[in-house]
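Undergrad: Sharing a model prediction with you, sequence too.
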Amino acid sequence: MVKRISSFTFAGLLVFLLTAAQAFAQQPGEKEIRQGVIEQITLVELPSNHHRGVGAIIGGLGGLGIGSLIGGGTGRDVAMVAGTLGGALLGNNIQKKYDQPVPGQQIIVRVTSGVLVVVTQPADTSLKIGQRVYIEGNGEGARVIPQQ
């Protein structure tokens with residue numbers, strides 16, 4: 001029974017880690033780069049980049065593992081449930097400490113064609129109004145970077 005639970009716990013953790021690694025992997029390929037001049041910079045707060053619920057999941061799995069080491073029979077089952085719930089609550093509370101908004105900037109750039117482009121990104125103190133910049137990428141992945 002313990003080996004079965006340990007196998008399921010390990011398999012679940014492995015699937016979670018592989019999914020997380022894939023989400024953070026950058027996609028290879030070409031990126032569009034546009035040139036322009038910064039016309040406006042507005043300070044904003046960006047949501048945290050931590051994924052909600054990860055703390056609860058990891059805490060619950062840890063609690064399940066610890067609970068499976070306690071007692072035997074029905075007592076072990078109760079310990080596993082209590083460990084899972086306790087670990088999930090603890091993991092969720094720990095994650096909340098790191099779930100604070102991140103300082104960012106909404107940057108309006110007039111590209112060489114005359115079109116205005118708005119990019120919201122984490123704060124970069126090296127960017128100033130009137131500065132010549134590149135806009136790298138597009139959509140959610142667009143970033144404003146200074147020209148050298």
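TA: Done, it's in. Residues are numbered from 1 along each chain as shown.
Undergrad: Just the pLDDT at residue 9, thanks.
TA: Per-residue confidence (pLDDT) for residue 9: 66.
Undergrad: How about the contacts made by the closest residue in space to residue 123 that isn't next to it in sequence?
TA: By the measure of Cβ to Cβ, 6 or more residues apart in numbering, the closest residue to residue 123 outside its immediate chain neighbours is residue 103, 4.5 Å from it. Where C-beta positions appear, they are placed from N, C-alpha and C, glycine not excepted. Residues counted as contacts of residue 103 (Cβ atoms under 8 Å, 6 or more residues apart in numbering) are 43, 45-46, 122-123.
Undergrad: what bridges to residue 103?
TA: The bridge-partner assignment for residue 103, based on DSSP bridges, gives residue 45.
Undergrad: what about it, distance to residue 128?
TA: Separation of residue 103 from residue 128 (Cβ to Cβ, to the nearest Å): 16 Å.
Undergrad: Pull the distance from stretch 86-93 to the chain's centre.
TA: Computed by Cα atoms, centre = their mean, to the nearest Å, the chain-centroid distance of stretch 86-93 equals 19 Å.
Undergrad: quick one, strands of this protein?
TA: Residue ranges of the strands in the chain, as given by DSSP state E, are 33-46, 102-111, 116-122, 132-136, 143-146.
Undergrad: Take those and write them to TSV, including mean pLDDT and distance to residue 66.
TA: Listed next are the strands of the chain as TSV, based on pLDDT from 0 to 100; distance: least, Cβ to Cβ, whole Å:
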stretch	mean pLDDT	distance to residue 66
strand 33-46	90	36
strand 102-111	91	33
strand 116-122	91	37
strand 132-136	92	46
strand 143-146	90	42
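Undergrad: nearest to residue 73, of those?
TA: Proximity to residue 73 (Cβ to Cβ) singles out strand 102-111 among these, at 48.4 Å.
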